[in-house]
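A.B. asks: all I have is the shape, not the residue letters:
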């Protein structure tokens, strides 16, 4: 757990937590794009998922095939406890840093 | 209908990502692909898919997940490579004009090469799709040729001869005989003509093909003639007519009105050795009488060599067996020359002329790519010179020369790889365009050769596969080396202080050597372009000659359709009656100008032939009897086809059974058999259609019609009146001003009114048949012409590029000359003089290369000599004019040089 997790990886982890049992390539990408309003590149998404899995933060299994996918199976992702801890750490440190600044941050954004 | 995602980018995806991830990622992309297609259209979706795959490929190349596992040395190299790649991508992105031009040219060059190679690969290289195809051999009979005494040709087998071969041979582990066959599928609402094969029970085992469903024919079921009626279905027929129902096994399918029990279904893609079969029936369903005919040569024999037997020993054994069979079943006319020979299946897989065309096309298309490489090398060189300062600084800071070359080569490689992907898209578009234009191969390749079937089998395998991808990337890497290495080497060799001292890139001079190299490259380009131009020009001239050939009939507004009447239902007499009734019905339709029956359509080949004798003349020995084509025709035949009656008369309604037998002959027959005498009133006998014996009276002579290939000369023809003979199959010819779309329903309706079970096949306008017959030459002309046009364009671009760069580099010199009083005309002459010099050198070299090269083309030409002076001089002139035009633009720019500006710029 020496590496920090990057911005993009954080968003993926958030998306996984939100999506629960239905988290796979298409839905993860849709979730991040819908919430951040920014396009996600396919290459970045799959390598990041791969990296998260290698580091033990998420796990994956093959799901069932559906006709709209040309009969190909989905790879479904789940956050592992280590991933939830990492996410909580990041969020906590961000929250600490941001505490008391909410009003200013909102004004800056507007 | 929903479209699947583009196959090309999906296969690239599978190539890039691991097996593990491929399914899920490909599925994810497919899912979104359909959404994108639904909102923004298919094209947008295809582009979207391509972008996703590119992004994934890029990310995978740079993914560092496995880095820790690599040895440190390799890790450093990889890191340097990644750095180079990043740097290359960035520097190319900064010059999008250069990158786009280079990628466009390379993609067209690589794409055309991949497309032609995919054809060569499928038809000539890829192993045939049977188990261990190297062990398969095709066994021919050799037979004395009828019209060519003393010459033996290859021939197919009669069943009794084959049985002798099969029972006595010891070198093959399995042998099989088969024949192409067609059936009408009956007993359903939509009668259909199915092409299939009559096969010996050992057929599937010999080829090593296992059924997808059910079983093959067993030895017991196919032991003796007159065996039970069984059938195996092709995968296509099974899904089309039975919806892929597993329950068809054991059910019946009606073939020519006889129920056949379905025992199995073959795997998808398998279309038999004829390459077009959809149904298989045991050969032993024929009667003992049919199979017992010793002189009915109808069957092709294929055999699988025993594992330990060499090709040569199998061939020796077959030769001996052939002699044995010739003694056992001697020639009825006492001719010698019968025997047998075995050839590896692969050697017979395509027609030599087609092989030659393909190889020539491959050479031509490779030359186009070479031209592209020269152009891109020129661009790269110009670009590298513009970066001399950057390179010099890097060298000064201690970068090794190798490192610089590698950096520049990485850029070239990146360009080539990107172009290879784009080239694959170009290639798959070309291949699908090409296969939609593919005619019936029977018309293109000589008939009676196994090559037709095996070429079809090969063409079934055209498409993107691992071999083709490998070829594409090999081409890309070679290409990158060709266009990138020399410029990179040159650029890294610069003298440091010299380059760094100089100012902006615009005024850097290359030195005389750089100019010389580029002039040589342009000369080479022009020479290559001239070679391609002459090849294209000669082929185009052949097509013009083909189109101008006197066919002997009028192919415009002539609809043709084939009808075959199934044998148990139609006796020969009933069949003739049917054709007579049908022609009568059709002729009564108001739209028809004229309707007729004929046994064989012109320019299609495969007509009937036999020997002619002349009652009243002393009998000639069998071997020297002349060979004639025999054609059956209804009364209006000559009128409908627009065949001129030269002497005497055509057939009439009165030439019927019971009346004196009459025939009409063509001018070639009149010349060959009667010389200057008038043949009308003379007698001729042919051994077919009941016109043997004392023969029939010649009542008319008609113009020569080309029934075989358009290129081959006309043989003597004898026409028999349909109404005095019998025929169970043939063609209906309809001349009418109405469009075919209006005629075909009428034709169908009239056929169905006479027999609801009868399908119509091979419905074509006569000019389409002419198109099929001349396909090989036209296709060659099209492709070579296209490549020649590309070459011309590329050579023009090359001249333009080099001349404008020359002008740019000599701006100062030109400025000085103008300042010293040179007239603009002098400057123009100076530059144009150089262009003319280069162009003439290119043309001279091109002619030197083209004269021997065109000899390779000789067999593909028609009535054009490979050294045709008109073609050579016209094309040299075109090349010269294009070169002048391409050189004129930079020359004119040179005359506008403002001496003050250039001098001040220094």
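C.D. replies: Sure thing, it's come through. Fair warning: this is a prediction, and the values are worked out from it, not measured in the lab. Numbers count the residues shown, from 1 in each chain, chains lettered A, B, ... in the order given.
A.B. asks: tell me the phi and psi of residue B:317?
C.D. replies: The phi and psi torsions at residue B:317 (degrees, to the nearest 10) take the values phi -60, psi -40.
A.B. asks: mind naming the longest helix for chain A?
C.D. replies: Across chain A, the longest stretch assigned as helix under DSSP state H is helix A:81-98.
A.B. asks: host element of the closest residue to residue B:408 other than its chain neighbours?
C.D. replies: Closest residue to residue B:408 apart from its sequence neighbours, by CB to CB, 6 or more residues apart in numbering or on different chains: residue B:488 at 3.6 Å. Every residue, glycine included, has its C-beta placed from N, CA and C. Residue B:488 is part of helix B:466-491 when elements are defined by DSSP states H and E.
A.B. asks: pLDDT of that helix, averaged?
C.D. replies: Helix B:466-491 shows a mean pLDDT of 83.
A.B. asks: helices or strands next to that helix in the packing?
C.D. replies: Judged by 3 or more CB pairs under 8 Å, 6 or more residues apart in numbering or on different chains; DSSP states H and E, helix B:466-491 is in contact with helix B:96-120, helix B:352-386, helix B:401-436.
A.B. asks: now for residue B:634: which residues touch it?
C.D. replies: B:579, B:580, B:583, B:596, B:597, B:598, B:651, B:721, B:722, B:723 (CB atoms under 8 Å, 6 or more residues apart in numbering or on different chains).
A.B. asks: now the most centrally placed residue in chain A: how far from residue A:37?
C.D. replies: The residue lying closest to the centre of chain A (CA atoms, centre = their mean) is residue A:12, at 1.1 Å. Residue A:12 sits 16 Å away from residue A:37, going by CB to CB, to the nearest Å.
A.B. asks: again with residue B:581
C.D. replies: Per CB to CB, residue B:581 is found 76 Å from residue A:37.
A.B. asks: I'd like the helices and strands packed on helix B:466-491 as CSV, with mean neighbour count appended.
C.D. replies: CSV is the format used below for the helices and strands packed on helix B:466-491 (neighbours: other CB atoms under 10 Å in any protein chain shown):
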stretch, mean neighbour count
helix B:96-120, 21
helix B:352-386, 21
helix B:401-436, 19
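A.B. asks: and the residue of the stretch 51-200 of chain B at minimum distance from chain A, how many neighbours does it have?
C.D. replies: Residue nearest to chain A within the stretch 51-200 of chain B (CB to the nearest CB): residue B:59, separated by 2.9 Å. When neighbours are defined as other CB atoms under 10 Å in any protein chain shown, residue B:59 has 20 of them.
A.B. asks: check contacts around the closest residue to it other than its chain neighbours.
C.D. replies: By the measure of CB to CB, 6+ apart, the closest residue to residue B:59 outside its immediate chain neighbours is residue A:43, 2.9 Å from it. Counting by CB under 8 Å, 6+ apart, residue A:43 makes contact with B:52, B:54, B:55, B:56, B:57, B:58, B:59, B:60.
A.B. asks: any of those residues buried? List them.
C.D. replies: Neighbour counting over the contacts of residue A:43 (16 or more other CB atoms under 10 Å in any protein chain shown) leaves B:52, B:54, B:55, B:56, B:57, B:58, B:59, B:60 as the buried ones.
A.B. asks: among the contacts of residue A:43, name the ones in helices.
C.D. replies: B:52, B:54, B:55, B:56, B:57, B:58, B:59, B:60.
A.B. asks: now do the strands in chain A.
C.D. replies: A:58-62, A:75-79 (DSSP state E).
A.B. asks: tell me the buried residues in stretch B:78-95?
C.D. replies: Within stretch B:78-95, the residues that qualify as buried are B:84, B:85, B:88, B:89, B:91, B:92, counting by 16+ other CB under 10 Å.
A.B. asks: average pLDDT across it?
C.D. replies: 82.
A.B. asks: and it, anywhere near chain A?
C.D. replies: No. If you take CB under 8 Å from any CB of the partner chain as the test, stretch B:78-95 misses chain A, and the best it gets is 13.6 Å.
A.B. asks: what about residue 8, neighbour count?
C.D. replies: Assuming you mean chain A. Applying other CB under 10 Å, we find 14 residues neighbouring residue A:8.
A.B. asks: the intended chain is chain B.
C.D. replies: Count around residue B:8 with other CB under 10 Å applied: 20.
A.B. asks: can you read off the pLDDT for it?
C.D. replies: Model confidence at residue B:8, given as pLDDT, is 78.
A.B. asks: residue B:164 too?
C.D. replies: pLDDT at residue B:164 comes out at 93.
A.B. asks: verify the assumption that residue B:732 is located in a strand.
C.D. replies: Yes. Residue state for residue B:732 (DSSP: H, G, I helix; E, B strand; the rest coil) corresponds to a strand.
A.B. asks: residue B:581 and residue A:37: which has the busier surroundings?
C.D. replies: Neighbours per residue (other CB under 10 Å) separate residue B:581 from residue A:37, with residue B:581 holding more: 13 against 7.
A.B. asks: and the more buried one, what element?
C.D. replies: Using DSSP H and E, residue B:581 sits in helix B:572-587.
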